[in-house]
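Participant: Sequence plus predicted model, see below.
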Amino acid sequence: MKVGIIGGGFTGITAAYYLQKAGHQAIVLEKESYLGGLAGGIKNAIPNPPENWEWDLEQYYHHWFTNDAFVFKLGEELGVADKFIKKHPQSHILYKDKTYPLDSALALLKFPHLSLVDRVKTGLTLAQLKYRFDMNSSKKFENITADEYLRKHSSKKAYELIWKPLLVGKFADKYKEVNMRWFWARVYKRTSSLVYYQGGFSAFLQDIADASKKLGADIKLKSSVQEITKKDTNQFSIRHETSGTQEELDVEKVIVTTPPNTLPFMLKGIPEDYKEKLKSHEGVGALVIVLRLHHPILDDTYWLSVNDINWPFLAVVEHTNFMPKEKYAGERIIYIGDYLEKDHPNMQKSKEELIEMFTPYIKKINPLFSNESIIDSYLFKSNYAQPIPKLNHQEKILPLKTPITGLFLATMAQVYPWDRGTNYSIEMGKKVVEQMLASSD
């Protein structure tokens, strides 16, 4: 069986690997010049990449938790488990222009801006979320918002100081609509130790791609899909442009891994009710400035959450406080990240405009920062980086198998209640192949 896969991120490449293992032919069509999607590296995405770096770097900050089992199981299967690196980096929050650790029970108990009662109440709430509820029992959170639940259970002040700024920072004016089950999953999955890969996430994806190609997969870069046509019961035709040349690809089945709302633009004749479901999946975009610096911004902190809705960004992530700076020629690597609607004014700004806007705030964290600190910088934007999970969101999750016989949809929007991440992309890539092979269609 020949299968066309639209998108060369972790889901698409994992699906190609398992299809080839099962004895089928996978053809991956990726519109960019590199693999990875939101987990793609910068070296193949920019005109003049740093030549003296030993490792690649993600366009958007990434790490794994120690319980991301699908990642590690696939690594073992590929024989690359020794390339995973586990560390225990520090995570802080910024409040009133000062940073505080808040990544452990002890740190929470020492946090000076909450009363002892509020600290204990917040700690008990987090402990219950992590240890009392599981995938099944957490369904009770489907019909209550994170705003309502956390105001009541974590104390009003703790909510206003800790949780509300993070919800607003990610979901803007829709923050009151986000359900509590999404928040539960964030707490449940979080681990204090984090994991990375030698060479970066792109190196791991390349190892999966190499294993797939060794089994016979065909992975085409710079291949933009214009149209998918259902020719008959057992045949699709995919019209695509590869490196400037128009081509037609005939396949028996198709896996689409791009955002749900892109499918109606590729495939005509989708049932109207299903088309409406595809369009109903809302999401927010993201932008990230990557700074290559002569000096650090944060002392030893890897992740700094900005708990101030008046700041123009949500997170400062110092990658070289997680991984060795020597892998990046001794440079300090900083991400400045934010989640925004695609029509937000900041999404229209240039890299230079954003750095100018961000600089006064970065200087509040580290007064030494200036334009002279910067070796180079990069801007990355995505219009769809985070689904918006509203009340009873589980009922809206689309199955992998679509109403179109032979066509499967496997996207970030379908990993709920888990937050988007490459662990779930790998799980989905394997699962969609299992469902396809089990299907009688």
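Facilitator: That came through, no problem. Residues are numbered from 1 along each chain as shown.
Participant: Give me the longest strand you can find in this protein.
Facilitator: Longest strand of the chain, by residue count under DSSP state E: strand 374-387.
Participant: so what strands line up beside it?
Facilitator: strand 283-293 (antiparallel) (DSSP bridges).
Participant: Tell me the confidence at residue 148?
Facilitator: Residue 148 carries a pLDDT value of 96.
Participant: residues making contact with the helix or strand that the longest strand of the chain is followed by?
Facilitator: Sequence order places strand 407-409 as the next helix or strand after strand 374-387, per DSSP states H and E. The list of residues contacting strand 407-409 from outside it, by C-beta atoms under 8 Å, 6 or more residues apart in numbering, reads 228, 230, 236, 253-256, 260, 263, 267, 398, 400-402, 432, 435-436. Backbone N, C-alpha and C define where each C-beta goes, glycine included.
Participant: centre of the chain versus strand 407-409, how much separation?
Facilitator: Relative to the centre of its chain, strand 407-409 is centred 21 Å away, using C-alpha atoms, centre = their mean, to the nearest Å.
Participant: same thing with stretch 196-203?
Facilitator: 15 Å.
Participant: Let's see stretch 234-252 as CSV, backbone CA atoms only.
Facilitator: As requested, the backbone C-alpha atoms of stretch 234-252 are provided in CSV (Å, rounded to 0.1, in the frame of the first residue of the first chain):
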residue,chain,number,x,y,z
ASN,A,234,-9.0,3.2,-3.4
GLN,A,235,-7.1,6.1,-5.0
PHE,A,236,-6.1,9.6,-4.2
SER,A,237,-4.1,12.0,-6.4
ILE,A,238,-2.0,14.6,-4.6
ARG,A,239,-1.0,17.6,-6.8
HIS,A,240,2.1,19.2,-5.4
GLU,A,241,5.0,21.5,-6.4
THR,A,242,8.4,20.2,-5.5
SER,A,243,11.4,22.5,-5.9
GLY,A,244,9.4,24.5,-8.5
THR,A,245,8.2,21.5,-10.5
GLN,A,246,4.5,20.5,-10.6
GLU,A,247,4.0,16.8,-9.9
GLU,A,248,1.1,14.3,-9.4
LEU,A,249,1.3,11.6,-6.8
ASP,A,250,-1.1,8.7,-6.8
VAL,A,251,-1.6,6.9,-3.5
GLU,A,252,-4.1,4.6,-1.9
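Participant: Please point out which parts of it sit buried.
Facilitator: Across stretch 234-252, burial judged by 16 or more other C-beta atoms under 10 Å covers 236, 238, 240, 242, 249, 251.
Participant: Which strand residues bridge the nearest residue to the fifth one once chain neighbours are set aside?
Facilitator: Read that as residue 249. Using C-beta to C-beta, 6 or more residues apart in numbering and skipping residues adjacent in sequence, the residue nearest residue 249 is residue 238, 4.4 Å away. On the basis of DSSP bridges, residue 238 takes part in beta bridges with residue 228, residue 249.
Participant: What residues does residue 238 make contact with?
Facilitator: So residue 238 contacts 4, 6, 29, 225, 227, 228, 229, 248, 249, 250, 251, 254 (C-beta under 8 Å, 6+ apart).
Participant: ok, the third one - how many residues close by?
Facilitator: Applying other C-beta atoms under 10 Å, we find 25 other residues in the vicinity of residue 29.
Participant: what ranges of the protein fall below the confidence cut-off?
Facilitator: Scanning the chain for pLDDT under 70 picks out 440-441.
Participant: can you give me the helices in it?
Facilitator: Here the chain has its helices, by DSSP state H, at 10-21, 69-78, 105-110, 116-131, 146-153, 156-158, 164-171, 180-189, 201-214, 263-266, 272-279, 351-365, 422-438.
Participant: closest one to residue 62 among the ones you listed?
Facilitator: helix 201-214 (5.2 Å; C-beta to C-beta).
Participant: Alpha carbons only: can I get the closest one in PDB?
Facilitator: What follows is helix 201-214, C-alpha atoms only, in PDB (Å, rounded to 0.1, in the frame of the first residue of the first chain):
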ATOM      1  CA  PHE A 201      15.400  18.000  18.500                       C
ATOM      2  CA  SER A 202      16.200  18.200  14.800                       C
ATOM      3  CA  ALA A 203      18.900  15.600  15.300                       C
ATOM      4  CA  PHE A 204      16.400  13.200  16.800                       C
ATOM      5  CA  LEU A 205      13.900  13.800  14.000                       C
ATOM      6  CA  GLN A 206      16.700  13.200  11.500                       C
ATOM      7  CA  ASP A 207      17.500   9.900  13.200                       C
ATOM      8  CA  ILE A 208      13.800   8.900  12.800                       C
ATOM      9  CA  ALA A 209      13.800  10.100   9.200                       C
ATOM     10  CA  ASP A 210      17.100   8.200   8.400                       C
ATOM     11  CA  ALA A 211      15.600   5.000   9.900                       C
ATOM     12  CA  SER A 212      12.500   5.500   7.800                       C
ATOM     13  CA  LYS A 213      14.500   6.100   4.600                       C
ATOM     14  CA  LYS A 214      16.600   3.100   5.300                       C
END
